[in-house]
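Engineer: What shape does this take:
(2 chains)
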Amino acid sequence: MVDDIKRKLNRRNLIKASGVAGITAFAGCISTSDDDSGDGDGGEGSDGSDSGGDESGPYSIGMVDSLTGSLSAFGERNQRGKDLALGRVNELGINGQDLDIIVEDSGSENQGGISAAQKLVNQDSVPFLIGAVGSGVSIAIYESVIQETDVVQLSQNSTGLNLTDFPGLLRMSPTGRAQSLALANIIADDGYDSVALTYVNNDFGQSLTDAFVDAWDGEIAYNSAHDQEQSSYSSVMSEMNNSGADAWLFITYQAEFTTMVNEAFSSGYEAQFYGADSAQGSGVLEGTPEGSMEGMKITLPSAPIEQENYQAFASAFEEEYGQEPTSWAAYAYDCVINAALAIQAADEFTGAALQETVREVSRPSGEQVSTFEDAHAILADGGGASDVDYQGVSGPIDFDENGDPVGFLQVVTVEDHEYVDAGFIEG
Amino acid sequence: MSVLELVANGLIFSSILVLGSIGLSLIYSIANFANFAHGDTMTVGAYSALVTFGAVGGLGGSVLGLPYGFFVALLVGAAMAAVVAIVTEKVVYESLDIGSIGLLITSIGIAFIYRGLIQIGFGADFTRFDIVALRPIEWLIPYGIRVTHHDVAIVISAAVLVGGLHVLLQYTDLGRKMRAMADNPDLARISGIRTKRITLWTWVIGAGLAGAGGVFLGLFNQLAPRMGFNLLLLIFAAVILGGIGSIYGAMLGGFLIGMISQLTPVLEMVGIPIGIEYSNAIAFVIMVVVLLVRPTGIAGEAT
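Structural biologist: Numbers count the residues shown, from 1 in each chain, chains lettered A, B, ... in the order given. Next up, the predicted model:
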């Protein structure tokens, strides 16, 4: 009896304790990204040097990177790309001066990113900030530190769709939306005017689908979400078949897609399949019967690995680090080159002046150049920002009005149950 | 899209659900707690069959597109699920004296352990039985029914297992004792039934059926460490709809829930704009409505 009471008490305490723990855990999730910080005097250029060959010291810009924390693998790749680019830039210099990048760690978290950016902008007075990796961190930095100033922010690795809502926040890695646009174009080019599409019921699936629907001119015969990890998708497959569309688009993950392909196969449905990169992988090939998705087309975000400047970048990278570069290193590399060109083309080393040039040096019009050396030569010859169109190793860049680059995508098709390269496209 | 096609899909899915539901209900009626590890017991069965099938191979001939070796694997899968359940019962549940809520939470922990071990052994990725996938049966297509021989095999096997259970419960000594114990364990013990032994047999039958259901789920879909757990919610819905503790109720509940979840497209065909992503929600709404009318479930007995 006494034991019983004690046990009850213990259980009650346990429940209380777990409740408190739960509340604390949730409280930690509340973001404080809108707290006011920074008085916005960074980048006014009071201490910046003029561009006319002033020898008073290097141009200092900032970089917020994930050196530690959950995204530190990206941070490491970024640092390699950055160091490689910095070496290239400082071989020639900018107006006779060196470029210096002050790197601060975000810890892969919003608060760490904000502190790092505040230090760079307010204490080091950098007019140009490369950062950050995580999309949430990039936006937190922009809202808390950058927005009210004229400092240029260029994210090296963020792909989240909502960065598009901040036109002042530039990024080098293309948004997931680029894939939707590319898919819409590919399906239209293949001659289909009606498409049936199904997407995974989460933010990723929803936003890619919305972007596809915006870009697609033809009819959408079927458009429906499916939940993740269901034991059967046969009703999805029969509805898609019933829609009458001959082009089926899958914006979903590997396991879900594998189930769907098997069910379409065992139901004898025939259609031309299309998919986002998330529906591609060796597991899908192993888990589906031969011939069940013959001719399927998939878009993958990719660096233009066939281009000469990428190959030069890749071999320099391999020489330096003994391994192949990733796209993430290429994005960081292009961030540094783009920043260096913006500085060289600007009249003075201030945020306001760099805002004018940062987009211009890497978009038309202007002569297309694919290396820093060539671009440097044009600018050193007296050319302006609009005389140069730097083509990055990660893609053509060409920031649009929302600060997003043109996406560079690889198209693969399924032939004899293998993924085969079918070329590269801009999306 | 014909309704017949959806009914056929529903029948196949129901067969798998029924196998899972019976075990859950059986164990509830005898051991008196909701076993959250039941879904992962299905996974254990599926992966045991995967290993067995890989080891024994096809064994020559085949029935309904399934090699003989698969049926051997099916039996081993069911047996392994039963063995794992018995060991768990002996080592964990039997020694615990913490009431049904405590056992419920424990069983969630057991579920994580099963899943973790499978993930350590086979990785988190999905995989499939090495059996050639089939195209739909030709002569049924004109009727709008698109099923493969594998699907037919699943339905027939499930029917055989369910029929066998019915015979066992109604016409054997063990079945009578099980029913007696489900009705009133104290009375059963007083009248000389060795209730511990019956409890073990219940675990064997319940987990064995779950293991077989897991093997069929793997054949129907694919094998993944979360496969059973993902089905568990629907199995609970089926068991509660049928009347928890009632074996025939679980059969009926499993059949109904499977049908409802696969027949959701009919709603849009008759003009109700509810998409198939809500099929689970619809199944649960129907469950709640039935419970409001009949609080003990369809086949549950009022106490």
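Engineer: what are the ranges of the strands in the chain?
Structural biologist: Using chain A here. Assigned by DSSP state E, chain A shows strands spanning A:59-65, A:99-105, A:128-130, A:152-155, A:169-171, A:194-200, A:219-226, A:247-251, A:272-275, A:297-301, A:367-369, A:388-390, A:408-415, A:418-426.
Engineer: that answer is for a different chain, and I need it for chain B
Structural biologist: Under DSSP E, chain B gives strands at B:62-63, B:66-67.
Engineer: so how far is the first one from its chain's centroid?
Structural biologist: If I follow you right, that is strand B:62-63. 24 Å (C-alpha atoms, centre = their mean, to the nearest Å).
Engineer: now for that strand, which elements pack on it?
Structural biologist: With contacts defined as 3 or more C-beta pairs under 8 Å, 6 or more residues apart in numbering or on different chains; DSSP states H and E, strand B:62-63 has no helix or strand neighbours. Every C-beta, even on glycine, is put in place using the N, C-alpha and C of the backbone.
Engineer: Touching that strand from outside, list them.
Structural biologist: B:68, B:71, B:153 (C-beta atoms under 8 Å, 6 or more residues apart in numbering or on different chains).
Engineer: Any chance of TSV for these, columns pLDDT?
Structural biologist: Shown next, in TSV, are the contacts of strand B:62-63 (pLDDT from 0 to 100):
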residue	pLDDT
B:Tyr68	93
B:Phe71	94
B:Ala153	94
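Engineer: any idea which of those residues is the one closest to chain A?
Structural biologist: B:Ala153 (12.4 Å; C-beta to the nearest C-beta).
Engineer: Need the pLDDT of the residue nearest to the closest one when sequence neighbours are not counted.
Structural biologist: Leaving aside its chain neighbours, B:Ala153 sits nearest to B:Leu64 (4.2 Å; criterion: C-beta to C-beta, 6 or more residues apart in numbering or on different chains). According to the prediction, B:Leu64 has pLDDT 87.
Engineer: burial of B:Leu64, as a residue count?
Structural biologist: If you count neighbours by other C-beta atoms under 10 Å in any protein chain shown, B:Leu64 ends up with 15.
Engineer: Repeat that for the one 10 residues further on.
Structural biologist: Burial measure for B:Leu74: 24 neighbouring residues, criterion other C-beta under 10 Å.
Engineer: Which residue comes closest to it once chain neighbours are left out?
Structural biologist: Closest to B:Leu74 by C-beta to C-beta, 6+ apart is B:Val215, at 5.0 Å.
Engineer: Surely that neighbour touches B:Thr43?
Structural biologist: No - with contact defined as C-beta atoms under 8 Å, B:Val215 does not count as touching B:Thr43 (10.3 Å).
Engineer: more neighbours, those two?
Structural biologist: Set B:Val215 next to B:Thr43 and count neighbours by other C-beta under 10 Å: B:Val215 wins out with 34 against 31.
Engineer: gap between that one and chain A?
Structural biologist: 14 Å (C-beta to the nearest C-beta, to the nearest Å).
Engineer: what packs against the longest helix seen in chain B?
Structural biologist: Secondary structure of chain B per DSSP state H: the longest helix is helix B:3-31. Applying 3+ C-beta pairs under 8 Å, 6+ apart, one finds that helix B:3-31 contacts helix A:234-242, helix B:38-56, helix B:149-171, helix B:173-183, helix B:195-220, helix B:227-242, helix B:247-262, helix B:265-269.
Engineer: Residues touching the third one, excluding its own?
Structural biologist: Under the criterion C-beta under 8 Å, 6+ apart, residues A:266, B:8, B:11-12, B:15-16, B:18-19, B:22, B:63-66, B:74, B:131, B:134, B:137, B:174-175, B:178-179, B:205, B:209, B:212-213, B:216, B:219-220, B:247, B:251 lie in contact with helix B:149-171.
Engineer: repeat that for 7 Å
Structural biologist: Contact with helix B:149-171 is made by B:11-12, B:15-16, B:18-19, B:22, B:64-66, B:134, B:137, B:174-175, B:178-179, B:209, B:212, B:216, B:219-220, B:247, B:251, as judged by C-beta atoms under 7 Å, 6 or more residues apart in numbering or on different chains.
Engineer: Just the buried ones among those, please.
Structural biologist: B:11-12, B:15-16, B:18-19, B:22, B:65-66, B:134, B:137, B:175, B:178, B:209, B:212, B:216, B:219-220, B:247, B:251 (16 or more other C-beta atoms under 10 Å in any protein chain shown).
Engineer: would you turn the strands of chain A into a markdown table with distance to B:Ser95?
Structural biologist: Shown next, in a markdown table, are those (distance: least, C-beta to C-beta, whole Å):
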| stretch | distance to B:Ser95 |
| --- | --- |
| strand A:59-65 | 53 |
| strand A:99-105 | 50 |
| strand A:128-130 | 60 |
| strand A:152-155 | 56 |
| strand A:169-171 | 58 |
| strand A:194-200 | 43 |
| strand A:219-226 | 43 |
| strand A:247-251 | 49 |
| strand A:272-275 | 50 |
| strand A:297-301 | 53 |
| strand A:367-369 | 75 |
| strand A:388-390 | 71 |
| strand A:408-415 | 53 |
| strand A:418-426 | 52 |
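Engineer: Export these to TSV and append columns for distance to chain B and mean neighbour count.
Structural biologist: Converted to TSV, the strands of chain A look like this (distance: least, C-beta to the nearest C-beta, whole Å; neighbours: other C-beta atoms under 10 Å in any protein chain shown):
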stretch	distance to chain B	mean neighbour count
strand A:59-65	30	26
strand A:99-105	31	19
strand A:128-130	35	29
strand A:152-155	31	28
strand A:169-171	31	25
strand A:194-200	9	24
strand A:219-226	4	18
strand A:247-251	14	28
strand A:272-275	16	22
strand A:297-301	18	22
strand A:367-369	43	16
strand A:388-390	41	25
strand A:408-415	16	20
strand A:418-426	17	14
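Engineer: Could you tell me which residues within stretch B:233-241 count as buried?
Structural biologist: B:234-241.
Engineer: those helices in the stretch 1-150 of chain A, which residues are they?
Structural biologist: A:2-27, A:72-92, A:110-118, A:135-141 (DSSP state H, counting those that start in this stretch).
Engineer: got the domain boundaries for chain A?
Structural biologist: Annotated domains of chain A cover A:59-175+A:308-390, A:178-301+A:408-426 [automatic domain parsing].
Engineer: The last one: end-to-end distance?
Structural biologist: When you say that, I think you mean domain A:178-301+A:408-426. By C-alpha to C-alpha, to the nearest Å, the extent of domain A:178-301+A:408-426 from end to end equals 8 Å.
Engineer: low pLDDT regions in the stretch 101-250 of chain B?
Structural biologist: The stretch 101-250 of chain B contains no residues with pLDDT under 70.
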